[in-house]
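Q: Let's see this in three dimensions:
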Amino acid sequence: MQSQTRIKNESIKKWLPPPNLSLSEWADQNGILSPESSAEPGRWRTYPYQIAIMDALTDPSVERVTLIKSSRIGYTKIINWSIGYQIDQDPAPMLVVQPTIDDAMGYSKDEIAPMIRDVECLFNKVSDSKSRDSANTITKKNFPGGVLTLIGANSARGFRRITVRNVYFDEVDGYPPTAGHEGDQIQLGIKRTDTFWNRKIVIGSTPTIKDFSRVEDSFNESDQRYYFVPCPFCGHFQRLFWKRITKDDPENVCYICEVCEKSIPHTLKRQMVDKGEWRASKPFKGHAGFHIWAAYSLAPHAAWPLLVRDWNNIKNNPEKLKTFINTVLGETWEERGDTVSDISLSSRERETTDETISNQILVITAGVDVQDNRLEAEVVGWGIGEESWSVDYYIFYGDPEQKEVWSQLEDTILTMPFIREDGIELKIGAACIDSGSHTHAVYRFCVPRQGRKVFAVKGSSTASAPLVGRPSKRSFQKGLLLMPIGTDTAKDTIYSWLKITEPGPGFCHFPEHYDEEYFLQLTSEKVVTKYIKGVKHRAWVKKRTENHALDCRVYALAALNILNPNLLRLQSQQARLAESKRLNLNPPPQKTLGGRRIRSMGLVK
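A: Numbering: from 1, shown residues only. The predicted structure is shown next:
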């Protein structure tokens, strides 16, 4: 009798509706961090500043949620738990939009699949995508009462013929300007939710450039909530600001209270965060917006002393500073001018040249631009902090379809040693050659030299594209490694360095023999605002027709990025080698470089 009663009670439980849980409660009960995507696998515990963000995703009064954030905040996990909650508690069709289809597939493999495997209440609700009759694929997960679709923002097709209740936009500032020819991806995704009265629209990203940041635009339309924490001494609630963190003594980093002005040590951060609360700065109209940055994060690498250490290492490097502002402070970067004057560069004090190069150069790369009747190339030396020295600029006249001009490039640059003042010999560490013109000739030259890190490259002006991307599968045909280059990203970096006026990290050195034409070409582009399908887009455009010097510098920077050298280690190794050479009473004769250089801008024909 007792056995029958127990079976009856268990049967009744299966037919009962699920408990009414908020997202943070569900995640604390069910969430498991998988080893594939977590430094500390095991049971999930929601941090205090995450609770309101997560619960907004299950609050019926909230239609839209925007999160503008730094890294180390846990946004990806929040999206994971929201998807898991819907599968388990409230099935519905859902859409996740990643910047590219590759990102969507990676997110599915690294986050969604392990979550389904490890969270017990999800395991039996989503069929195995490896089974022969499975309705699931990497980018589509079917479950009772709904389906999860994952797409890339670069594909217009992904937005067609689907209807969803929840749409999650991840890293929106990394989206291309439009989805093909069909317009803004956020509007396309929101359109897919029009038939649901209880829809949920979630937009999150690390911000990028002011006035071009989609997540900032969305946050500005929200009620703009910020996390306030109490001072452990006077109890005053306040937002944390980077300017109030002390930076002079990295060993004793503190936060200065804005009221009592007492120094709050990092050891009290957890106490403050645990007692914190979100406060809106604008009226709520169905759109909850949250701003959170690394100072609040309880992740080990977000300790205040570590943030200050990172800041002190990069504060004089504009490009790294930009990354810090975006990924640590969670704020947009405001450009200080979109152009660099050729006059300011050409009038800058330049360096005398001889047959040796600076002892500060640790590695050398080359960038090659291909034209119909010539090759143009720049050899660039790199030192600590990406300080650079233009070693020389070359023009090799000839038909790129013939071997002769490529032989000049090979013999004059790619195989020739460059000798420092202390006698250390350096050779080209890596070279990038543009394949946009005379493509097959470039491929023929590069394939047998890839072992020496001579690569064919193809430029891409996609917004926020990495400086060097992964070669596509098609690029591996016949042994070719075709490297995609984010040209806009490279130009942003180069122009930020050109604005530096004092030697040090990022500063660009030029030799005295460079003529006006070189600097006109190096500064031949500027940033403008364009509207593509109604979306504001930041684009680089030419101020003049000839821009080969800028292109060569882009490819030389890409080569450095591919090489990815440990400059501090190289500095130490080369210093020891130079000292051993100095102590050698009978050093071997060095190769001379006489007649090696082709002086810049077409003096050899």
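
Q: give the contact list for the spatially most central residue of the chain.
A: In the chain, the centroid-proximal residue (CA atoms, centre = their mean) is P466; its distance is 6.2 Å. P466 sits next to G486, T489 when contact means CB atoms under 8 Å, 6 or more residues apart in numbering. Just so you know, the C-beta spots here come from the backbone N, C-alpha and C atoms, and that holds for glycine as well.

Q: Show me where the stretch 51-200 of the chain has its helices.
A: In chain order, the stretch 51-200 of the chain shows helices spanning 75-89, 101-107, 113-118, 120-123, 185-191, with DSSP state H, counting those that start in this stretch as the criterion.

Q: deepest of those, which one?
A: Of all those, helix 75-89 carries the top mean neighbour count, a mean of 22, counting by mean count of other CB atoms under 10 Å.

Q: contact partners of that helix?
A: By CB under 8 Å, 6+ apart, the list of residues contacting helix 75-89 from outside reads 18, 21, 23, 26-27, 30-31, 33, 37, 44, 50, 53-54, 57-58, 67, 69, 92, 94, 96, 107, 111-112, 115-116, 119, 121-122, 125-126, 143, 146, 148, 166, 168, 170, 202, 204.

Q: With T149 as the reference, measure out to I190.
A: From I190 across to T149, the span is 15 Å (CB to CB, to the nearest Å).

Q: how about the helices of the stretch 51-200 of the chain, which one is nearest G383?
A: In this view, these are compared for proximity to G383 by CB to CB, and helix 101-107 is the closest at 34.2 Å.

Q: Now do the closest one: which elements does it pack against?
A: strand 94-98, strand 146-152 (3 or more CB pairs under 8 Å, 6 or more residues apart in numbering; DSSP states H and E).

Q: mind redoing it with 6 Å?
A: Helices and strands touching helix 101-107, by 3 or more CB pairs under 6 Å, 6 or more residues apart in numbering; DSSP states H and E, are strand 146-152.

Q: The strand it packs on vs helix 75-89, what angle?
A: Using axes from the mean of the first three to the mean of the last three CA atoms, to 10 degrees, one finds that strand 146-152 and helix 75-89 are set 160 degrees apart in direction.

Q: I'd like the mean pLDDT over strand 146-152, please.
A: What strand 146-152 shows for mean pLDDT is 93.

Q: Direction included, what does that strand pair against?
A: Taking DSSP bridges as the criterion, strand 146-152 forms sheet pairs with strand 94-98 (parallel), strand 140-143 (antiparallel).

Q: What's the per-residue pLDDT of L345 here?
A: The pLDDT attached to L345 in the predicted structure is 72.

Q: Output the below-cut-off pLDDT ranges for the stretch 101-250 of the chain.
A: Low-confidence segments of the stretch 101-250 of the chain, defined by pLDDT under 70, are located at 127-135, 180-181.

Q: now with 90?
A: By pLDDT under 90, the weakly predicted segments of the stretch 101-250 of the chain are 101-102, 123-139, 153-162, 174-185, 208-213, 248-250.

Q: Check the stretch 451-600 of the chain too.
A: Applying pLDDT under 90 to the predicted model, the residue ranges of the stretch 451-600 of the chain that meet it are 459-467, 469-481, 488-489, 492-493, 495-506, 512-517, 520, 523-546, 567-568, 571-600.

Q: Tell me where it has strands.
A: With DSSP state E, counting those that start in this stretch, the ranges of strands along the stretch 451-600 of the chain come out as 454-460, 482-486, 508-509, 525-532, 535-542.

Q: Given the last one, what are its sheet partners and their directions?
A: Each strand that pairs with strand 535-542, with its direction, by DSSP bridges: strand 525-532 (antiparallel).

Q: From T137, how far off is the closest residue to F159 other than its chain neighbours?
A: Of all residues not flanking F159 in the chain, L188 sits nearest, at 4.3 Å (CB to CB, 6 or more residues apart in numbering). Remark: distance between L188 and T137 (CB to CB) = 21 Å.

Q: And the helices in the stretch 301-450 of the chain, which stretches?
A: Taking DSSP H, counting those that start in this stretch as the criterion, the stretch 301-450 of the chain carries its helices at 304-314, 318-327, 342-346, 403-409, 439-446.

Q: Of all those helices, which one is nearest F219?
A: Closest approach to F219 among the helices of the stretch 301-450 of the chain is made by helix 318-327 (14.1 Å; CB to CB).
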